[in-house]
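[1] Next come a sequence and a model predicted from it.
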Amino acid sequence: MDRELRVLLLSGLAVAAVAVPPRAAAQEAPATATTTPQVVEPRVQRREVNPPGLDTENFEAGAFVGTISIEDFGASVVYGGRLAYHFTEDVFAEATLGTAKAGKTSYEDLSGSAELLSDDDRQFTYYDLSVGWNALPGEVFLGGRRAMPSAVYFTLGAGSTRFGGDDHFTVALGAGLRVLANDWVAVHLDARDVAFESDLLGKDKLTHNLQFTFGLTAFF
Amino acid sequence: MTRPAPTHRLRLVTCLLLGMLAAGPLHAAAGMQAVVQDPYLELRTGPGRGFPVAQVVDQGAEVSLLRRRTDWIKVRGANGVEGWAHRSQLERTLTTDGEPLALPGPAPESRTAHRWEVGLATGDLDGASVVGAGAAYLVTPSLVVRADVAQLLGNASNGWLGTVGVAHVFMPQWRVSPFVGIGGGALRIEPKATLVQPEDRSDTIAYAGIGLRGYLTDRFMLQAEYREFVVFTSRDDNEEIDEWTVSFAYFF
């Protein structure tokens, strides 16, 4: 059973529910109503104009590359893609797909012959659907002339990992730094724990597969 | 013990990354203009409430709206100053025709007046873990049409579940409201290969559900649901299984 994973995920959701900050109250003070008395009420139908040419850029898509330490199978190059939608300046949803080719266990290396997994089964592929929170927004200074908007964010999500010929329920816990190089290109440094229960080496255990990546994304 | 992926893949990823940097801006500047009505319009250095106000545009001056990110709009003043203004302040500007400018966004009334919901879900279906996503359309504030798809990850088998259904929300104006729903769909079960090779099977299903939905803010909600499924198997007996899920949804 994935009880530990579920407890982890649900406690995270509960924390997120409490942590979702209220909207910036200071920004949304109602317009001061003008109270000029009017003798004749003009019968003009006010038409609200919605700017047609305004480009709304709440989607963010891109690719990442880095290293993942697959528990018992060494560290490998990992790469993949991410698609995010920013709901507010604080909260976003994110879908991530990543893949890596697992190495050999120490046992396989030492024994010299016994292969635990076929070549196909060594392909480690995961996806997750996460909710993210820009916990520490700010600016990054590059030299004395450039200030770039940035945010340290945390993500929590669930998904699936295909490894060793089986699909595993996966909880993904991440933290990262996003720096906007210009208005629409962002650079990411991301750390992520891809955790799932595996019985690949004989008995059930929760495996933590830590991943560190560098990514580039574009807002559109 | 690092075993790098084949080099041609690495090269492909590198090319993609470099290509993104090299590509020109995706969007030309938009031409929408607005006239400031407040004493001044505050322009911040970034799209967030914590960024400092670095510039202001005076009352009566025109600004061009360039791009929008969440609730922040990048504008350019006539004298070339650029910065990010909040939606709420831009809504107090007028277009050059003198019409009020409307920028779609959330408001307290959107809790009952919204049309769409999209969400991510997780839970348990008869012992298997559920990872899902769904969308809902509100025909009226109390009548919801919804579609969900989920991957099922269990000890003995994996699978997929797709459902379409309707739900009735009893008190949509309450912060937390109960609802009931019915629907149908398809369930695909793929038993794991380590057992005797049984066949994958797909069955139609129907469900009845009960749950609670609550608004976290003017755009996010949390929903908990219990569903009882009837699986119309090709065998003599139908199967009954139950599912509980928790989902996090955005509405607009």
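    Great, that's in hand. All figures in this text were calculated on a predicted structure; none of them were measured in a lab. Residues are numbered from 1 along each chain as shown, chains lettered A, B, ... in the order given.
[2] Show the pLDDT at residue 213.
    I'll assume chain A. On pLDDT, residue A:213 comes in at 96.
[3] Actually, chain B is the one I wanted.
    93.
[4] I'd like to know which elements the strand or helix carrying it is packed against.
    Assigned by DSSP states H and E, residue B:213 belongs to strand B:201-215. The contact analysis (3 or more Cβ pairs under 8 Å, 6 or more residues apart in numbering or on different chains; DSSP states H and E) places strand B:201-215 against strand B:157-169, strand B:176-191, strand B:220-232. Quick note: C-beta positions are derived from backbone N, CA and C, even for glycine.
[5] a strand runs through residue B:173, doesn't it?
    No: Residue B:173: not assigned to a strand; according to DSSP: H, G, I helix; E, B strand; the rest coil it is coil.
[6] The strand holding residue B:213 relative to strand B:220-232, how many degrees between them?
    150 degrees (axes from the mean of the first three to the mean of the last three Cα atoms, to 10 degrees).
[7] where's stretch B:135-147 relative to the chain centroid, distance-wise?
    Centroid separation for stretch B:135-147 versus its chain: 15 Å, with Cα atoms, centre = their mean, to the nearest Å.
[8] Check the separation of the first and last residues in it.
    6 Å (Cα to Cα, to the nearest Å).
[9] what about that stretch, near chain A?
    No: using Cβ under 8 Å from any Cβ of the partner chain, stretch B:135-147 never reaches chain A; the gap is at least 12.7 Å.
[10] what's in contact with that stretch?
    The contact list for stretch B:135-147 (Cβ atoms under 8 Å, 6 or more residues apart in numbering or on different chains) reads B:112-119, B:134, B:162-170, B:172-173, B:179, B:181, B:183, B:249.
[11] mind running it again at 7 Å?
    Contact with stretch B:135-147 is made by B:112, B:114-118, B:134, B:164-169, B:172, as judged by Cβ atoms under 7 Å, 6 or more residues apart in numbering or on different chains.
[12] Which parts of that stretch count as buried, going by neighbours?
    B:136, B:138, B:142, B:144, B:146 (16 or more other Cβ atoms under 10 Å in any protein chain shown).
[13] now stretch B:177-187
    In stretch B:177-187, counting by 16+ other Cβ under 10 Å, buried: B:177, B:179, B:181, B:183, B:185, B:187.
[14] Kindly report the same for stretch A:90-100.
    In stretch A:90-100, residues buried by neighbour count (16+ other Cβ under 10 Å) are A:90, A:91, A:92, A:93, A:94, A:95, A:96, A:98, A:99, A:100.
[15] Also stretch A:99-113?
    Using 16+ other Cβ under 10 Å as the test for burial, stretch A:99-113 gives A:99, A:100, A:101, A:102, A:103, A:104, A:105, A:108.
[16] First-to-last residue distance for it?
    Note: stretch A:99-113 ends 26 Å apart using Cα to Cα.
[17] sorry, back to before: of the buried residues of stretch A:99-113, just say which sits nearest to residue A:191.
    residue A:100 (15.3 Å; Cβ to Cβ).
[18] wait, doesn't that closest one sit right on residue A:76?
    Yes: applying Cβ atoms under 7 Å, one finds residue A:100 in contact with residue A:76, separated by 4.4 Å.
[19] re earlier: what is the nearest of the buried residues of stretch A:99-113 to chain B?
    Nearest to chain B among these: residue A:103, at 4.3 Å, using Cβ to the nearest Cβ.
[20] separation between the nearest residue to the closest one once chain neighbours are set aside and residue A:101?
    In space, and not counting its chain neighbours, residue A:103 is closest to residue A:74: 3.5 Å by Cβ to Cβ, 6 or more residues apart in numbering or on different chains. Separation of residue A:74 from residue A:101 (Cβ to Cβ, to the nearest Å): 10 Å.
[21] Excluding chain neighbours, what is closest to the residue most central in space within chain B?
    Nearest residue to the geometric centre of chain B (Cα atoms, centre = their mean): residue B:118, 4.2 Å. Once flanking residues are discounted, residue B:118 sits nearest to residue B:135: 5.0 Å by Cβ to Cβ, 6+ apart.
[22] picking that back up, the buried residues of stretch A:99-113 in helices, which ones?
    residue A:108 (DSSP state H).
[23] Now do the contacts for the residue of the stretch 151-252 of chain B found nearest chain A.
    Using Cβ to the nearest Cβ, the closest approach of the stretch 151-252 of chain B to chain A is made by residue B:153 at 3.9 Å. Applying Cβ under 7 Å, 6+ apart to residue B:153 gives the contacts A:160, A:167, A:168, A:169, B:128, B:129.
[24] please redo it, this time with the cut-off set to 10 Å
    Contact analysis of residue B:153 by Cβ atoms under 10 Å, 6 or more residues apart in numbering or on different chains lists A:2, A:158-161, A:166-170, A:196-197, B:125, B:128-131, B:159.
[25] Same check on residue A:162?
    A:99, A:121, A:123, A:124, A:125, A:126, A:127, A:168, A:170, B:158.
[26] which among those gets closest to residue B:208?
    Distances from residue B:208 to those, taken by Cβ to Cβ, are shortest for residue B:158, at 25.0 Å.
[27] looking at chain B, which helix or strand does the model trust least?
    helix B:7-22 (a mean of 53; mean pLDDT, DSSP states H and E).
[28] That helix: what's the following helix or strand?
    strand B:33-35.
[29] and the lengthiest strand in chain A, which residues are buried?
    Of all the segments of type strand in chain A, defined by DSSP state E, the longest one is strand A:123-142. Buried positions in strand A:123-142, judged by neighbour count with 16+ other Cβ under 10 Å: A:123-134, A:137-139.
[30] Paired strands for that strand, with orientation please.
    For strand A:123-142, the pairing partners within the sheet under DSSP bridges are strand A:91-101 (antiparallel), strand A:146-163 (antiparallel).
[31] Save those as JSON lines, and put in mean pLDDT too.
    Shown next, in JSON lines, are the strands paired with strand A:123-142 (pLDDT from 0 to 100):
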{"stretch": "strand A:91-101", "mean pLDDT": "94"}
{"stretch": "strand A:146-163", "mean pLDDT": "93"}
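[32] How are the strands of chain A distributed by residue range?
    A:55-56, A:59-69, A:75-86, A:91-101, A:123-142, A:146-163, A:166-180, A:185-198, A:205-219.
[33] any idea what sits nearest residue 166, other than its immediate chain neighbours?
    Went with chain A since none was named. Using Cβ to Cβ, 6+ apart, the nearest residue to residue A:166 is residue B:192, at 6.4 Å.
[34] Please refer instead to chain B.
    residue B:145 (5.5 Å).
[35] So what pairs up with the one you found in the strands?
    Applying DSSP bridges, one finds that residue B:145 bridges with residue B:137, residue B:166.
[36] same question, residue B:203
    Beta-bridge partners, per DSSP bridges, of residue B:203: residue B:187.
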